[in-house]
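Undergrad: got a predicted structure plus its sequence, pasted below:
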Amino acid sequence: MRRRVPTWAGIILFVGAMAGMLLHFGRIDLETADRRASVLGAFVAVAGFALAVHGTLRDRRTPESSLVTGETVQAAREALGRLVAEQWRAESRVRSLSDPHPIPVRWRLTEDAGLMDHPHLVGPEPLRFTVSSGQGAELAETFRNLYRRRLVITGGPGSGKTTLAVRLLLELLDSATPEEPVPVLVTLTGWDPAVHPRLHEWLAVRLARDYPVLTSAFGGGVTGVLAGQGHVLPVLDGLDELTGEHRGAVIRALNASLADRDGFVLTSRADELAEAVAEAGDVFTAAAVIAPRPLSPAAVAAYLRACLPPRPRHSWSPVFTALAEGTA
């Protein structure tokens, strides 16, 4: 902490200087005093300007984050949680994620051992991660049981990766404890590790951009504190949307950015994830990697019937017949 000179010390110095000046000018003639006062006045003006410049530069060097109090951080964290919840509840309605209910895709640990870190670093052995996208509470509990709460959701195009990430985000918010970080979903396309080598630096910029009320209400340094001190769980969507070399750089930068207790959720298509791991020469440290199981024809038919009204306007019989016969 930078030590400040007490106000009373400045007053004493000012009074002492004034007394010395009066004593000195009282002993000389008026003409000499006038010349010396002019010189002294110029000196005082220059000294005052120098002190003003020094104070300005010192204030600029002081990080904004050092001015954020604990009470401010807590209030900003609560505000962020409300903003994220409102945003993604509205988005889930737009995406019809609960109309009538999420498609019951089952997710399990990847069968490709080269995509995931050693199981004993990821969670309790024997390591398991088998959940349904329709069971939010089970999904959140399984995620919380991972040692470092790091999860990579992979699969083919349209397999429901982002949908699962949103379901997890909402469930974590609904069942959060006071000490848990706020899950925030951001797309990975904006992160360039060459510009922001640490994830938390870029995340602070994204928080300020995506949730401007945080900086307007709590100050410009608050997003840096939220991101840098473990108050945010980044949900990073779309590793596959980056270019090849960029994907590998993200893996290396993410691993280098994380402390022991830092978690994350990340989504990527399976093929692009494999390419990224090969390019980086490494996997995501201590992260579980899950992939969807194929839906059975019976599960697909049951879901379609639930989505349709009891008396559909058009006949879906050919679709159900094809599913039953395995020719869909």
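TA: In hand now; what should we look at? Residues are numbered from 1 along each chain as shown.
Undergrad: going forward, measure contacts between C-alpha atoms and count neighbours the same way
TA: Fine.
Undergrad: pLDDT at the spatially most central residue of the chain, what is it?
TA: Nearest residue to the geometric centre of the chain (Cα atoms, centre = their mean): P234, 3.8 Å. Listed pLDDT for P234 reads 98.
Undergrad: how far away from the center of its chain is the helix or strand hosting it?
TA: If you go by DSSP states H and E, P234 is part of strand 232-237. Computed by Cα atoms, centre = their mean, to the nearest Å, the chain-centroid distance of strand 232-237 equals 5 Å.
Undergrad: who does it touch, helix- and strand-wise?
TA: helix 161-174, strand 182-187, strand 264-269 (3 or more Cα pairs under 8 Å, 6 or more residues apart in numbering; DSSP states H and E).
Undergrad: could I get the buried residue list for the longest one?
TA: Buried residues in helix 161-174, defined by neighbour count with 16 or more other Cα atoms under 10 Å: 161-173.
Undergrad: kindly report the same for the last one.
TA: Judged by neighbour count (16+ other Cα under 10 Å), strand 264-269 contains these buried residues: 264-269.
Undergrad: ok, stretch 253-266 next?
TA: 253-255, 258, 262-266.
Undergrad: tell me which helix or strand the closest residue to A79 other than its chain neighbours sits in.
TA: Closest residue in space to A79, ignoring its immediate chain neighbours: L214 at 7.6 Å, by Cα to Cα, 6 or more residues apart in numbering. L214 is part of helix 213-218, with elements assigned from DSSP H and E.
Undergrad: which elements pack onto that helix?
TA: Using 3+ Cα pairs under 8 Å, 6+ apart, helix 213-218 sits against helix 70-94, helix 222-228.
Undergrad: okay, the helices and strands packed on strand 232-237 in CSV with mean pLDDT next?
TA: As requested, those are exported to CSV (pLDDT from 0 to 100):
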stretch, mean pLDDT
helix 161-174, 95
strand 182-187, 98
strand 264-269, 98
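Undergrad: rewinding a little: farthest pair within the buried residues of stretch 253-266?
TA: By the measure Cα to Cα, A253 and V265 form the most distant pair in the buried residues of stretch 253-266, at 15.1 Å.
Undergrad: can you pull up the bridge partners for S132?
TA: R106 (DSSP bridges).
Undergrad: how close does V213 get to G70?
TA: Separation of V213 from G70 (Cα to Cα, to the nearest Å) stands at 18 Å.
Undergrad: ranges for the helices of the chain?
TA: With DSSP state H as the definition, the chain shows helices at residue ranges 7-25, 30-61, 70-94, 119-122, 136-144, 161-174, 199-210, 213-218, 222-228, 244-257, 270-280, 297-307, 317-325.
Undergrad: just those: most buried one?
TA: Most buried of these by mean neighbour count (mean count of other Cα atoms under 10 Å) is helix 222-228; its value is a mean of 24.
Undergrad: quick check: closest non-adjacent residue to F143.
TA: R149 (6.0 Å).
Undergrad: list the contacts of S257.
TA: Shown in contact with S257 (Cα atoms under 8 Å, 6 or more residues apart in numbering): 197-200.
Undergrad: for L23, report the pLDDT, please.
TA: Note for L23: predicted pLDDT of 56.
Undergrad: brain fart, P102
TA: Looking at P102, the pLDDT reads 77.
Undergrad: OK, contacts around the residue nearest to F143?
TA: Counting by Cα under 8 Å, 6+ apart, R149 makes contact with 143, 262-264, 287.
Undergrad: and it, how far from E78?
TA: When Cα to Cα is the yardstick, R149 and E78 sit 21 Å from each other.
Undergrad: re the thing from before, so the residue nearest to A79 sits against A75, correct?
TA: No: between L214 and A75 there is no contact under Cα atoms under 8 Å: 9.7 Å.
Undergrad: now the closest residue to V84 other than its chain neighbours, which residues is it bridged with?
TA: Excluding its sequence neighbours, the residue lying closest to V84 (Cα to Cα, 6+ apart) is V184, at 6.6 Å. On the basis of DSSP bridges, V184 is bridged to P234.
Undergrad: which stretches of this protein aren't confidently modelled?
TA: 1-67 (pLDDT under 70).
Undergrad: at 50 instead, please
TA: 1-11, 13-15, 30, 33, 37, 39-40, 42-63 (pLDDT under 50).
Undergrad: make CSV from the helices of the chain and add distance to D192 to it.
TA: Output for those, formatted as CSV (distance: least, Cα to Cα, whole Å):
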stretch, distance to D192
helix 7-25, 47
helix 30-61, 26
helix 70-94, 24
helix 119-122, 27
helix 136-144, 27
helix 161-174, 21
helix 199-210, 8
helix 213-218, 23
helix 222-228, 17
helix 244-257, 8
helix 270-280, 15
helix 297-307, 40
helix 317-325, 45
